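> Requesting a structural model of the entry that follows:
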Amino acid sequence: MSNPLAQFVITPLIPLPTVAGVDLSVTNSAVMMILAVIVAFAILHAFVNPSRLLPSVGQACAEMYYKFVRNLVQDTAGIEALRYLPLIFTLFTFVLLGNLLGMLPYAFTFTSHIVVTLALALLVFVTVTIIGLVRHGLHFFHLFFPEGAPLILAPVLVPIEIFSYFVRPMSLSVRLFANMLVGHILLKVVLGFVVALGAFGVLPFVFTLLLIGFEVFVALIQAYIFALLTCIYLKDAIHLH
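Numbering: from 1, shown residues only. Down below sits the predicted model:
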């Protein structure tokens, strides 16, 4: 069996010179990210046609997808959060396509790398914090002391709330990264048994099919959870508990 961790190795596809200590080479990870963006634009551009009197099946599916994300934002963070719908929609689509495209043979799952998921989580963290500070000013720091709590508990509650707030990027990124990493490793190991057992690998092969279906489900649910938690953090910034 080949090394199940080999699928996560980042390799340069187009070598470029290093500038200021930064390797600018185009890697397999970068190519898959670009591909995810291209696929998103291509699908939406192909299916969405406002000039049609009756929407096609593809456009109906695209509109259902848009309404799903819109309802997620409105139901979780409130109607005021709809102004940030483009951000949530973009993050959800990017993570979703990263997860699903990584299921293709010989593809690279960029959401299985902590550096990618942490960058997305930090984007959410910084954006939400800026939104909270712009909307509420210094009153935003009341987020770290729950309203109605006894003042005597402030020395205990404030450090806990601050810690839980600043740990958000780590929990958000590790959840996505760990699920995609473990699932792909397990899938690779089971496929290795199928190849090694030859004619006796029927049972592992059937299990592999079930595992692939489960991995697709995980890819969908992890993108949803990432967007859902982003909406929850956005709600905190807008409404302060």
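
> can you give me how far the helix or strand of the chain with the lowest mean pLDDT is from the chain middle?
Least confident element among the helices and strands of the chain, by mean pLDDT, DSSP states H and E: strand 22-23 (a mean of 79). From the chain centre to the centre of strand 22-23 is a distance of 25 Å (C-alpha atoms, centre = their mean, to the nearest Å).

> Pairing partners for that strand, with directions?
Using DSSP bridges, strand 22-23 pairs in its sheet with strand 18-19 (antiparallel).

> re earlier: helix or strand right after the least confident helix or strand of the chain?
Beyond strand 22-23 on the C-terminal side, the first helix or strand identified by DSSP states H and E is strand 26-27.

> which helices and strands sit right next to that next one?
Applying 3 or more C-beta pairs under 8 Å, 6 or more residues apart in numbering; DSSP states H and E, one finds that strand 26-27 contacts strand 12-14. Where you see a C-beta, it was placed from the backbone N, CA and C, and this is true even at glycine.

> got a list of contacts for the strand it packs on?
Strand 12-14 is contacted from outside by 23, 25-28, 31, using C-beta atoms under 8 Å, 6 or more residues apart in numbering.

> Kindly list the main-chain dihedrals of S25?
With angles defined as degrees, to the nearest 10, S25 sits at phi -60, psi 140.

> which ones are touching it?
Residues in contact with S25 (C-beta under 8 Å, 6+ apart) are 12-16.

> Just say helix, strand or coil for the residue at minimal distance from the centre of the chain.
With distances taken as C-alpha atoms, centre = their mean, V95 lies nearest the centre of the chain, 3.7 Å away. Here V95 is recorded as helix under DSSP: H, G, I helix; E, B strand; the rest coil.

> you'd agree it is up against L220?
No: with contacts counted by C-beta atoms under 8 Å, V95 stays clear of L220, the gap being 10.2 Å.

> what's the neighbour count on the closest residue to the residue nearest to the centre of the chain other than its chain neighbours?
In space, and not counting its chain neighbours, V95 is closest to A223: 4.4 Å by C-beta to C-beta, 6 or more residues apart in numbering. Neighbourhood size, A223 [other C-beta atoms under 10 Å]: 22.

> and what of L44?
By the criterion of other C-beta under 10 Å, L44 has 15 neighbours.

> what sits up against the helix or strand where it lies?
Element membership for L44 (DSSP H and E) is helix 28-47. Contact with helix 28-47 is made by 10-11, 13, 56, 58-59, 61-62, 93-94, 97-98, 101-102, 107-110, 113, 116, as judged by C-beta under 8 Å, 6+ apart.

> which parts of that helix are buried?
Across helix 28-47, burial judged by 16 or more other C-beta atoms under 10 Å covers 28-30, 32-33, 35-36, 40, 43, 47.

> again with stretch 231-241
Across stretch 231-241, burial judged by 16+ other C-beta under 10 Å covers 231, 233-238, 240.

> can you check stretch 181-201 too?
Within stretch 181-201, the residues scored as buried using 16+ other C-beta under 10 Å are 181, 183-184, 187-188, 190-194, 201.

> Now distance to G132 too, for these, in a markdown table please.
Below are these laid out as a markdown table (distance: C-beta to C-beta, whole Å):
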| residue | distance to G132 |
| --- | --- |
| L181 | 31 |
| G183 | 34 |
| H184 | 36 |
| L187 | 40 |
| K188 | 42 |
| V190 | 45 |
| L191 | 46 |
| G192 | 48 |
| F193 | 50 |
| V194 | 51 |
| G201 | 54 |
